[in-house]
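Participant: Got a predicted model here, sequence first, then my questions.
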Amino acid sequence: MDYIYLNDLYKDEKKYLNKNIKLKGWIRNHRKQKKFGFIYFSDGTAFRQLQLVYDESLDNFEEIQKFLISSSIEVEGELIESMGRGQDYEVRVTKLKLLGDCPDDYPIQQKKHSMEFLREQSYLRFRTNTFQAVFRIRSVAAMAIHKYFQDRGYIYANTPIFTSSDCEGAGEMFQVTTQNLEDIAKNGKVNNDNEYFGQPVGLTVSGQFEGEAFAQAFSKIYTFGPTFRADPSHTPLHIAEFWQVEPEVAFCDLEGIMDISEELMKYVIKYTLDSCPDELAFLDKNVENGLIEKLNTVINNDFVRVTYKECIDILKKAEANFEFKPEYGEDLAKEHERYITEHFNCPVFITYWPEKVKKCFYMKQMDDGTVANADLEMPGIGETYGMSQREDDFDKLGKRIDELGMNKEEYTWYMNLRKYGTTVHSGFGMGFERLIMYMTGMDNIRDVSAFPRTPGNCLY
């Protein structure tokens, strides 16, 4: 008899009904009675657990009664319709064998633990129902992103993690060196001649520039991979290593890239709602009441688009006691973003920011002093996408680089993309973890990243 996985069992339970099956997995809970017991069993392939029922007729009944949660076991028994509440089927155990014992000092017991405690046990927290749900949804959402782009003819581009380009304005870079750090400290500087790459190199903050090169050959591409920011932020929305989705599309203006980003968001949420009903139902009940309704509202309504100026007008007229007064020509604070999304009660694109606020040199410059860009603000978590139409004019791009005092030689290849067959083109960067926060109701980015990297913390 072959072993089966729970995900296969739950695809067609009637196929296995009243038949003997064999399983391997872990004890998630164990309720013991004098002459029988109940084990809630999981092998990790499905969110739903399976109830195992055993009784004193088993030769090793007394031994089984001593098995503790998180022990791994091998089970053989008959799948039957359950007479109890909470499950349709259960297994009447005929054989149960311990594979891997778990002692009683196991940190995650059958009680409510704080998120702070579980972060300290990151390597074990995947075994809890909450994190089973979160990381299943993360997996499905990642698949949905690939499916969305692949079904529409995008090329999946793998851009470098080591890079000499800092994608000016995207964030602080982690510097990389192969030299002895004690020697650097002694000499007071890095000798670039001794560097592995022969020049200063860091971990990428964005694959945008390389993605633009791909787009000028393939028309529409996307990247999906890890990026790194050395900003010393301790907020619930920031980690040093995160995943980012970055499409770049040739012959596409700002309105077009907003259409794509909205369609992608709705597609991923719909795909996940269809694929993870049990996980989302659990999170709706235990993490964020109304989560499913919130997600359905997103996919069934158009996103609002307002200009930066219109946004400031709304904030100035608001009867709200802001800590930071909204002003034209200034960036928006988190409280302003929150107010705007609550004002419209939906995701909001804030478009055409003043150039002096959004200083990224690659954004398309408009005649009124704004740039053709947009931030997508999501209720509860703030900015999720940043997007822009890229500057496609060679001379304007060069002038902007000069104005900012940047080293033009370092961007020669990037400027040449405008020299050799330029196009109107646009792209965006989506913080994947922030999307998962929104879809799961989790309020801290550390809880949607498997092993979060934060200032002062690089466990595991």
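Facilitator: Yes, it's here. Residues are numbered from 1 along each chain as shown.

Participant: Tell me where the stretch 251-400 of the chain has strands.
Facilitator: Taking DSSP state E, counting those that start in this stretch, the strands of the stretch 251-400 of the chain run over residues 304-307, 348-351, 373-378, 382-389.

Participant: Restricting to C-alpha, output the third one in PDB.
Facilitator: In PDB, the C-alpha atoms belonging to strand 373-378 read as follows (Å, rounded to 0.1, in the frame of the first residue of the first chain):
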ATOM      1  CA  ASN A 373       4.300  58.600 -11.900                       C
ATOM      2  CA  ALA A 374       1.900  57.100  -9.500                       C
ATOM      3  CA  ASP A 375       1.800  55.400  -6.100                       C
ATOM      4  CA  LEU A 376      -0.800  52.800  -5.400                       C
ATOM      5  CA  GLU A 377      -2.000  53.200  -1.800                       C
ATOM      6  CA  MET A 378      -3.800  50.300  -0.200                       C
END
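
Participant: that older thread, of all the strands of the stretch 251-400 of the chain, which one is nearest Gly198?
Facilitator: Of all these, strand 382-389 sits nearest to Gly198, with 32.2 Å by C-beta to C-beta. Where C-beta positions appear, they are placed from N, C-alpha and C, glycine not excepted.

Participant: And that closest one, what does it pack against?
Facilitator: Strand 382-389 is packed against helix 254-275, helix 334-344, strand 373-378, strand 425-431, helix 432-440, with contacts defined by 3 or more C-beta pairs under 8 Å, 6 or more residues apart in numbering; DSSP states H and E.

Participant: Between strand 373-378 and the second one, find me the angle.
Facilitator: Here helix 334-344 runs at 70 degrees with respect to strand 373-378, directions being taken by axes from the mean of the first three to the mean of the last three C-alpha atoms, to 10 degrees.

Participant: Going by neighbour count, which residues in helix 334-344 are buried?
Facilitator: 335-341, 343-344 (16 or more other C-beta atoms under 10 Å).

Participant: Now find how far off-centre it is within its chain.
Facilitator: 22 Å (C-alpha atoms, centre = their mean, to the nearest Å).

Participant: Could you list every helix and strand that it packs against?
Facilitator: If contacts are counted by 3+ C-beta pairs under 8 Å, 6+ apart, helix 334-344 sits against strand 304-307, helix 308-317, strand 348-351, strand 373-378, strand 382-389.

Participant: which residues sit against the first one?
Facilitator: Read it as strand 304-307. Here strand 304-307 makes contact (C-beta atoms under 8 Å, 6 or more residues apart in numbering) with 258, 314, 340, 344, 346-352, 374.

Participant: quick one: which of the residues you listed is nearest Asn301?
Facilitator: Cys346 (5.7 Å).

Participant: pLDDT weak spots in the chain?
Facilitator: Scanning the chain for pLDDT under 70 picks out the ranges 167-171.

Participant: tell me which element the residue sitting furthest away from the middle of the chain is part of?
Facilitator: Going by C-alpha atoms, centre = their mean, the residue of the chain most distant from its centre is Ser57, 48.4 Å out. Under the criterion DSSP states H and E, no helix or strand holds Ser57.

Participant: and it, what does it touch?
Facilitator: If you count contacts by C-beta under 8 Å, 6+ apart, Ser57 has none.

Participant: follow-up on the earlier one: how about JSON lines for the buried residues of helix 334-344, with distance to Lys186 added?
Facilitator: Output for the buried residues of helix 334-344, formatted as JSON lines (distance: C-beta to C-beta, whole Å):
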{"residue": "Glu335", "distance to Lys186": "47"}
{"residue": "His336", "distance to Lys186": "47"}
{"residue": "Glu337", "distance to Lys186": "46"}
{"residue": "Arg338", "distance to Lys186": "49"}
{"residue": "Tyr339", "distance to Lys186": "52"}
{"residue": "Ile340", "distance to Lys186": "52"}
{"residue": "Thr341", "distance to Lys186": "52"}
{"residue": "His343", "distance to Lys186": "57"}
{"residue": "Phe344", "distance to Lys186": "57"}
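
Participant: Out of these, which comes closest to Ser164?
Facilitator: Distance ranking of the buried residues of helix 334-344 against Ser164, using C-beta to C-beta, places Glu337 first at 33.2 Å.

Participant: wait, that closest one sits on Ile381?
Facilitator: No - contact criterion C-beta atoms under 8 Å: Glu337 and Ile381 do not qualify, at 9.1 Å.

Participant: circling back: redo the helices and strands packed on strand 382-389 as a markdown table? Include distance to Arg229.
Facilitator: Below are those laid out as a markdown table (distance: least, C-beta to C-beta, whole Å):
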| stretch | distance to Arg229 |
| --- | --- |
| helix 254-275 | 21 |
| helix 334-344 | 17 |
| strand 373-378 | 17 |
| strand 425-431 | 10 |
| helix 432-440 | 12 |
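
Participant: Among those, single out whichever gets nearest to Lys97.
Facilitator: Of all the helices and strands packed on strand 382-389, it is helix 254-275 that lies closest to Lys97, at 33.5 Å by C-beta to C-beta.

Participant: Show me what that closest one is packed up against.
Facilitator: Here helix 254-275 touches helix 129-151, strand 241-250, helix 291-300, strand 348-351, strand 373-378, strand 382-389, strand 425-431, helix 432-440, going by 3+ C-beta pairs under 8 Å, 6+ apart.

Participant: What are the buried residues along that helix?
Facilitator: Buried residues in helix 254-275, counted by 16+ other C-beta under 10 Å: 254, 257-258, 260-262, 264-273, 275.

Participant: for stretch 284-297, same thing?
Facilitator: 284, 287-288, 291-292, 294-295.

Participant: before we move on, what about stretch 114-122?
Facilitator: For stretch 114-122, the neighbour count (16+ other C-beta under 10 Å) marks 118-119, 122 as buried.

Participant: pull the CA atoms of it into CSV?
Facilitator: Output of stretch 114-122 as CSV, limited to C-alpha atoms (Å, rounded to 0.1, in the frame of the first residue of the first chain):
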residue,chain,number,x,y,z
SER,A,114,2.1,36.3,20.8
MET,A,115,3.4,37.2,17.4
GLU,A,116,6.6,38.5,19.1
PHE,A,117,7.2,35.1,20.7
LEU,A,118,6.6,33.3,17.4
ARG,A,119,9.1,35.6,15.6
GLU,A,120,11.6,34.3,18.1
GLN,A,121,10.7,30.8,17.0
SER,A,122,10.7,31.6,13.3
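
Participant: ok so, going back, who wins on neighbours among the contacts of strand 304-307?
Facilitator: Counting neighbours by other C-beta atoms under 10 Å, Ala374 leads these with 29 neighbours.

Participant: For Asp443, see how far away it is.
Facilitator: According to C-beta to C-beta, to the nearest Å, Ala374 and Asp443 sit 25 Å apart.
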